[in-house]
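>>> Sequence isn't available, so here's the structure alone:
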């Protein structure tokens, strides 16, 4: 996993929080969880909301980034913060609510991961998941072209970025043996972004991280970013009012164990 910078990630916090809040409000109202885990909790805002929403629950926030967890601890929320990887997540007992927002796209082997997460649920427990869908969008394709064709191509060839999501039906098939109630949907948010290079700024705290970490020096990083900026300026031009429209599609999954 890359090293996360909470300040960079928070540049577009309002836009990033919207899908998380949409996921939170979709959690079944009759769920009265005693044990909650937020996997990939980041700076902890959603874990804190879950703790406030369910005052009787034990709430944990798990993240691989010590910087993010340090920021989360500053919230003063009634949450136990745990540093660890989602890939090796193994709760001590059944979980009533597994919440994960924009995190599982960094984890390998979804055909094994999702049944394992469902298996960690208590009876009638809920898995609530949101992931970005970026595999086929124009900005992601152009980033891939810049990665593969520049003088840095050899150094970036083995870099693991965001894993492409599978088809919605695949997630249904992996969860259905344990979860008789499954709701899967997508939402496309049209973000109106301000700034000189807002898509670069947006991805600087997420998608670009592993690529920038793999480049050798400041000049090479600048050349890499300039090459992508040139493509983005053509594909996502700023409008007359200074706004860049940035459509972003996200996949939502709610699965309830039988």
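Yep, it's here. This is a predicted model, so every value here is computed, not measured. Numbering: from 1, shown residues only.

>>> going forward, measure contacts between C-alpha atoms and count neighbours the same way
OK.

>>> what about the strands in this structure?
35-39, 58-63, 80-83, 95-101, 121-133, 181-193, 244-256 (DSSP state E).

>>> where does the protein have its least confident helix or strand?
The weakest-scoring helix or strand in the chain, judged by mean pLDDT, DSSP states H and E, is helix 6-9 (a mean of 53).

>>> any weak-confidence spans in the stretch 1-150 of the chain?
When residues are selected by pLDDT under 70, those of the stretch 1-150 of the chain lie in 1-11, 135-136.

>>> which helix of this protein spans the most residues?
Counting residues, the longest helix in the chain under DSSP state H turns out to be helix 218-235.

>>> Quick check: end-to-end length of stretch 89-106?
The straight-line separation of the ends of stretch 89-106 (Cα to Cα, to the nearest Å) is 14 Å.

>>> And it, how far out from the chain middle?
Counting by Cα atoms, centre = their mean, to the nearest Å, stretch 89-106 is centred 13 Å from the centre of its parent chain.

>>> Go through it and flag the buried ones.
Residues of stretch 89-106 classed as buried: 94-106 (neighbour count, 16 or more other Cα atoms under 10 Å).

>>> Any chance of the strands of the chain in TSV with distance to residue 163 as columns?
Output for those, formatted as TSV (distance: least, Cα to Cα, whole Å):
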stretch	distance to residue 163
strand 35-39	17
strand 58-63	18
strand 80-83	21
strand 95-101	15
strand 121-133	10
strand 181-193	17
strand 244-256	14
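
>>> Go through those strands and name the closest to residue 18.
strand 181-193 (9.1 Å; Cα to Cα).

>>> tell me the pLDDT at residue 155?
For residue 155, the pLDDT comes out at 88.

>>> now do residue 161
The model reports residue 161 with a pLDDT of 73.

>>> could you measure it against residue 177, distance?
Taking Cα to Cα, one finds residue 161 at 30 Å from residue 177.

>>> Between these two, which has more neighbouring residues?
Per other Cα atoms under 10 Å, whichever of residue 161 and residue 177 has more neighbours is residue 161, with 17 against 13.

>>> hang on, that one packs against residue 203?
No: if you go by Cα atoms under 8 Å, residue 161 and residue 203 don't touch, sitting 11.6 Å apart.

>>> Let me see the contact set for the closest residue to residue 96 other than its chain neighbours.
Closest residue to residue 96 apart from its sequence neighbours, by Cα to Cα, 6 or more residues apart in numbering: residue 125 at 4.3 Å. Contact analysis of residue 125 by Cα atoms under 8 Å, 6 or more residues apart in numbering lists 31, 33, 95-97, 256-258.

>>> same question, residue 208
residue 161.

>>> Need the phi and psi values for it.
Note on residue 208: its backbone torsions stand at phi -80, psi -20 [degrees, to the nearest 10].

>>> Could you check how far it is from residue 160?
11 Å.

>>> cool, residue 232 as well?
Per Cα to Cα, residue 232 is found 22 Å from residue 160.
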